[in-house]
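K.L.:
Give me the fold of what follows.
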Amino acid sequence: MHPGWWDTCIGTVRTIPIPGEGLSWNCQDYVIDIWDAMLAGEMINEETWAEGKERMFPFYGQKFGGQESEDGSSEEEEEGRQGQAPLSEEFVLDSSE
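P.N.:
Numbers count the residues shown, from 1 in each chain. Down below sits the predicted model:
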């Protein structure tokens, strides 16, 4: 993106609604909406848009237990992980407190 498009990009991002706590929406959708708006506003070309979207999709979506990983094994099949405490307790919230 050309440096002269920065203000236009920021203005475009500010117009994209953030629906919030919907069941089918997540912040990754917001990033995709921004990327689509950059293409629509001609801040990026179709080649850049397609390459960027291809790079984003491996990180898209929520990670739920029981889903298969790229190697075909499910999370429940991973040995030694069940019942294991997090590596760091620093960011674990105990809702009973």
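K.L.:
Would you mark the buried spots in the helix or strand hosting residue 34?
P.N.:
Using DSSP states H and E, residue 34 falls within helix 27-40. Neighbour-count burial for helix 27-40, counted by 16 or more other CB atoms under 10 Å, picks out 32, 33, 35, 38, 39. Placement of C-beta: from N, CA and C, glycine included.
K.L.:
after that helix, next one along is what?
P.N.:
Following helix 27-40 toward the C-terminus (DSSP H and E): helix 46-56.
K.L.:
Now do that following helix: which elements does it pack against?
P.N.:
Applying 3 or more CB pairs under 8 Å, 6 or more residues apart in numbering; DSSP states H and E, one finds that helix 46-56 contacts helix 27-40.
K.L.:
what is the orientation angle of the helix it packs on with helix 46-56?
P.N.:
Put simply, helix 27-40 runs at 170 degrees to helix 46-56, going by axes from the mean of the first three to the mean of the last three CA atoms, to 10 degrees.
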